[in-house]
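1. Pasted the sequence and its predicted model underneath.
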Amino acid sequence: MFSQRLSVITLSVISLIFASTFSANAAPEPAFTLVRSGDGFEIRDYPELVIAKTLSDEGDNDAFRRLFAYISGANEGEREISMTAPVLVSEGVEIEMTTPVLGATVWNGSGGTEMAFILPKDYSSDTAPIPKDPLVSLAVIPARRVAVATFSGWADESDFAEAEAELRARLTAANIRTAEVSETAQYNPPWTLGPFRRNEVIIPVAAD
């Protein structure tokens, strides 16, 4: 009996690892052009991206619920929209509304949690369905060049801050000019095991 129970537990663990490794990365990601790789970071060129975003004082779960409702049909036309990766999150943000770059971050501890879903490439700012929830809005991230550092594990604000500091040091050493703002990206659903989770710190950089 013990051996049979152990086999069931082992099979469950293997299934969870399999799901974490393969299913977690099934969501499509926005295309980019890789400009440079090495020295602990990548330089990427992204095209214009259309996003749905929300700001919440009640944390990630509340923000995620609103955005998931939007792509599940809480929009004009009640259209279902495919989930993509990554989910972009910023804590305590201030955003220049004239330049709606998601996650433009000032670490001042105000403003709650902002989260955004990147809409599939089929949607433009003109064709994306309008959210029914007034707390959810659409925005456009202009085409841009960014530096990206990737790391695994369950990441909190301090992990992202440490990764950002290390990325900025590497970019300074490489004589790459950076913006003061930063963004964070998470690619995996909640059931993904820590070693298989993918997190990124993103910093806009000069295109020259």
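-> That came through fine. Numbering: from 1, shown residues only.

2. mind listing the helices for this protein?
-> Applying DSSP state H to the chain gives helices spanning 2-21, 60-71, 157-173.

3. residues of stretch 72-84 that come out buried?
-> Of all the residues in stretch 72-84, those buried under the rule 16 or more other Cβ atoms under 10 Å are 74-75, 81, 83-84. Any C-beta I mention is one placed from the backbone N, CA and C, and that applies to glycine too.

4. What does the pLDDT read for residue 14?
-> Here the pLDDT value assigned to residue 14 is 32.

5. what does residue 57 give?
-> 83.

6. Same question for residue 170.
-> At residue 170, pLDDT is 97.

7. Could you do the one 3 residues further on as well?
-> Reading off the confidence values, residue 173 has pLDDT 95.

8. Please report how far the nearest residue to it once chain neighbours are set aside lies from residue 208.
-> Distance criterion Cβ to Cβ, 6 or more residues apart in numbering; nearest residue to residue 173, sequence neighbours excluded, is residue 39 at 7.9 Å. As judged by Cβ to Cβ, to the nearest Å, residue 39 and residue 208 stand 19 Å apart.

9. Likewise for residue 114?
-> The value you get for residue 114 to residue 208, if Cβ to Cβ is used, is 29 Å.

10. Please say which of those two ends up with more neighbours.
-> Set side by side, residue 114 and residue 208 show more neighbours around residue 114, with 23 against 5, by other Cβ atoms under 10 Å.

11. The more buried one against residue 54, yeah?
-> Yes: at 7.2 Å, residue 114 counts as touching residue 54 under the criterion of Cβ atoms under 8 Å.

12. got any residues that touch both of those two?
-> Both residue 114 and residue 54 are contacted by residue 63, under the criterion Cβ atoms under 8 Å, 6 or more residues apart in numbering.

13. Low-confidence stretches in the protein?
-> Low-confidence segments of the chain (pLDDT under 70): 1-26, 90-111.

14. where do the strands sit along it?
-> 33-38, 41-46, 49-56, 87-91, 113-118, 136-141, 144-151, 183-186, 199-204 (DSSP state E).

15. and the angle for the last one with strand 41-46?
-> Read it as strand 199-204. Here the directions of strand 199-204 and strand 41-46 differ by 70 degrees (axes from the mean of the first three to the mean of the last three Cα atoms, to 10 degrees).

16. Go ahead and name everything in contact with strand 199-204.
-> Counting by Cβ under 8 Å, 6+ apart, residues outside strand 199-204 touching it are 86, 101, 103, 144-153, 155, 159-160, 163-164, 167-168, 171, 178-179, 181-187.

17. and stretch 200-207, how far out from the chain's middle?
-> 14 Å (Cα atoms, centre = their mean, to the nearest Å).

18. And for stretch 28-38?
-> 14 Å.

19. What of stretch 149-156?
-> So, by Cα atoms, centre = their mean, the centroid of stretch 149-156 is 12 Å from its chain's centroid.

20. Same check on stretch 164-177?
-> With Cα atoms, centre = their mean, you get 21 Å for stretch 164-177.

21. Can you give the contact residues for that stretch?
-> Stretch 164-177 has contacts (Cβ under 8 Å, 6+ apart) with 39-41, 43, 147, 149, 178, 182, 201, 203, 205-206.

22. Go through the residues you listed and single out the one with the most neighbours.
-> residue 201 (26 neighbours).
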